[in-house]
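> Below is the sequence, then the predicted model.
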Amino acid sequence: MNVIIVGCGRVGAQLAALLDAEGHKVTVLDIDTSSFERLPSSFGGTSLLGDGTNQKVLKKAGIEGADAFVAVTQEDNCNVMAAQVAKHIFSVRKVVCRIYDPLRKDVYDALGLEAISPTTVFAQLLKEKLEPEAESAS
Amino acid sequence: MELKKILVAVNGNGADEEAIKLACSVARKSKAAVYVVYIIQVKRSLPLDAEISSEIQRAEEVLTHAEDIASEQDYDVETDLLQAREVGPAIVDEAMERDIDLIVLGMPYKRAFGMFSLGTTVPYVLREAPCRVLLCREPIS
Amino acid sequence: MYIIVIGGGIVGYPLCRALLSEGHEVLVIEKDAKRCDYLEDNLGSVCIRGDGCEAATLEEAGTARADIFVATTTRDEDNLMACQVAKYKFKVAQTIALVNDPVNEELFRKLGVDYTVSVVTHLLEPIKEEIPTGSLTHLLSLRDEGMEVVEVRIPQDSKAVKKPVRELALPPDCILALVIRKEQKPQVPTLDTVLEAGDRVIALTRGEDEAALRDVFIGS
């Protein structure tokens, strides 16, 4: 599978490393070269300096042949924009993005985006962790 | 200090009564006119001239009560009902329009998050009003 | 009309001032607290502090009853997001975005923004006009009709020089509205009007015929 990852933060770098280790063809984009230091030395994919919302940059990253696209920069709006470019301009089959603000979920649904909110996921996870304790206490 | 026109802003909290009494007693000396205003704060989701019946009813009750307090003091006041997005600017605008000499504000003793708080209206009026401002804080009960 | 403006910066602030003076109800949403104070001091209580992309802020702003929504921040991704939230969540009829990078103009329109304005594109027009062999200058875009009003300056080596209008291979639906010649009154050309080098021609054309029109006047 050809995967493009926009944002080489902790999540982006780790995802890139995992997919690369499984033998997928991975391209990571970031606007800051020092971000690529997060990639392990064994990383065999491509790392590219550039703005993931820019169509020229995405073409250079090979988006026209990509099977999947992931947007995980620090900025929600960058992620949403990059994901929309991937989905609606380049028709990438699988597009996922990270959004911290879960309140706009209905908008993302309307835009046809698959958005994961770490806020919601993590709060849910914490709650589940606490539940057995709460039960035994009552 | 020659005072001809005094504006009292009320909002239905416990500090109203003292503010009106204070305004009346100050006014008496120079036979000043006293205007009592209530400002309905209209949310942005509604147009400014929206008629919110529950708010209007409450405002009228507060203003009637203000008139009652004034007549107990044996002083005539004029009441008015305004609609605005924010209370502070509305008070200041009204004071400028009516050429007011003194604004009287009553404020309850409030603690927000455990800290004494002036709220937003009082500092705004103190900062922006062109005339004198008399602030009457409720005693700590 | 109720108009919401996102961003009270170098574009948003004068825009709000102009809209207010025309008697519209205006609200500006600005992230920066200091800038909010400045806006309130100069425009009155027409400002709330917050993120114009956040649904909760837009709810408080009464976006659902807004007639027009304008995003004027310096970040394209924020302008896009704000307009999309206004459009898809609050069903605002007209959304307008400032496009900082002109390459995003087409993208924004594809993604649902009703109207886009690119400052850079507008800046380029007079610059292009100064170049003698320049291409077409866009004067007005009638987007819904797919028509453009353009201006073209005829260069020395153009095959249109010394030719009457009837001999030009103009694209269908293209109308020549005006010929402007130095030190003469602008004239509405007839089929017999003979064109000269240096003439500026104002034409109405279909967007897709621009290249053909360019060739008629600039091709040698």
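All right, it came through fine.

> Name the residues of chain C found near chain B, please.
Counting by CB under 8 Å from any CB of the partner chain, the positions of chain C adjacent to chain B are C:2, C:25, C:27, C:44-46, C:48, C:59-62, C:64-65. Where you see a C-beta, it was placed from the backbone N, CA and C, and this is true even at glycine.

> from those, which ones fall inside strands?
Mapping the residues of chain C next to chain B onto strands (DSSP state E) picks out C:2, C:25, C:27, C:48.

> possible to save those as JSON lines with distance to residue C:75?
Converted to JSON lines, these look like this (distance: CB to CB, whole Å):
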{"residue": "C:2", "distance to residue C:75": "25"}
{"residue": "C:25", "distance to residue C:75": "26"}
{"residue": "C:27", "distance to residue C:75": "20"}
{"residue": "C:48", "distance to residue C:75": "19"}
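
> I'd like these laid out as a markdown table, including neighbour count.
Shown next, in a markdown table, are those (neighbours: other CB atoms under 10 Å in any protein chain shown):
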| residue | neighbour count |
| --- | --- |
| C:2 | 19 |
| C:25 | 19 |
| C:27 | 21 |
| C:48 | 20 |
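
> any idea which of the residues you listed is closest to chain B?
residue C:27 (6.2 Å; CB to the nearest CB).

> Can you verify my assumption that the closest one contacts residue C:8?
No. Residue C:27 lies out of contact with residue C:8 (CB atoms under 8 Å); the separation is 10.4 Å.

> for chain A, what are the low-confidence residue spans?
Along chain A, segments meeting pLDDT under 70 span A:133-138.

> Name the residue of it with the shortest distance to chain B.
Counting by CB to the nearest CB, chain A gets nearest to chain B through residue A:103 (16.6 Å).

> Okay, now stretch C:90-107: how far is its last residue from its first?
Taking CA to CA, to the nearest Å, the first and last residues of stretch C:90-107 lie 21 Å apart.

> The residue most central in space within chain C in helix, strand or coil?
Closest to where the C-alpha atoms of chain C average out (CA atoms, centre = their mean) is residue C:117, at 4.5 Å. Three-state call for residue C:117 (DSSP: H, G, I helix; E, B strand; the rest coil): strand.

> in the sheet, who's paired with it?
residue C:98 (DSSP bridges).

> What helix or strand is residue B:104 located in?
Residue B:104 is part of strand B:102-107, with elements assigned from DSSP states H and E.

> Ignore what I typed, I meant residue B:70.
helix B:53-72.

> Now do the helix or strand following that helix: distance to the chain's middle.
Counting by DSSP H and E, the next helix or strand C-terminal to helix B:53-72 is strand B:77-84. With CA atoms, centre = their mean, to the nearest Å as the basis, strand B:77-84 stands 9 Å off its chain's centre.

> Let me know the angle separating strand B:77-84 from helix B:53-72.
Here strand B:77-84 runs at an angle of 160 degrees relative to helix B:53-72 (axes from the mean of the first three to the mean of the last three CA atoms, to 10 degrees).

> how about strand B:77-84: buried residues?
Across strand B:77-84, burial judged by 16 or more other CB atoms under 10 Å in any protein chain shown covers B:77, B:79, B:82-84.

> Run through the neighbouring helices and strands of the helix or strand following that strand.
Sequence-wise, the next helix or strand downstream of strand B:77-84 (DSSP H and E) is helix B:87-97. Applying 3 or more CB pairs under 8 Å, 6 or more residues apart in numbering or on different chains; DSSP states H and E, we find helix B:87-97 packed against strand B:5-10, strand B:33-41, strand B:77-84, strand B:102-107, helix B:121-128.

> what mean pLDDT would you report for the last one?
Per-residue pLDDT values over helix B:121-128 give a mean of 94.

> contacting residues around that helix?
Applying CB atoms under 8 Å, 6 or more residues apart in numbering or on different chains, the contact partners of helix B:121-128 are B:9, B:86-89, B:91-92, B:103, B:105, B:107, B:133, B:135.

> Just flag the most distant two among these.
B:86 and B:135 (18.3 Å; CB to CB).

> So between these two, which is more surrounded?
Counted by other CB atoms under 10 Å in any protein chain shown, residue B:86 and residue B:135 do not tie: residue B:86 has more neighbours, with 18 against 15.

> what's the closest non-adjacent residue to the more buried one?
residue C:45 (4.4 Å; CB to CB, 6 or more residues apart in numbering or on different chains).

> How many residues are close by the one you found?
Residues near residue C:45, counting by other CB under 10 Å: 17.

> any idea how far stretch C:154-173 is from the chain center?
With CA atoms, centre = their mean as the basis, stretch C:154-173 stands 28 Å off its chain's centre.

> how far does it stretch from start to finish?
End-to-end distance for stretch C:154-173, by CA to CA: 20 Å.

> in that stretch, what's buried?
Buried, per 16+ other CB under 10 Å, within stretch C:154-173: C:154-155, C:158-161, C:165, C:168, C:170-171.

> what's around the residue of chain C found nearest chain B, how many residues?
Going by CB to the nearest CB, chain B is nearest to residue C:62 of chain C, at 3.6 Å. Residues near residue C:62, counting by other CB under 10 Å, number 19.

> quick one: it from residue B:25, how far?
According to CB to CB, to the nearest Å, residue C:62 stands 42 Å off from residue B:25.

> Torsion angles phi and psi at residue B:101?
phi -100, psi -30 (degrees, to the nearest 10).
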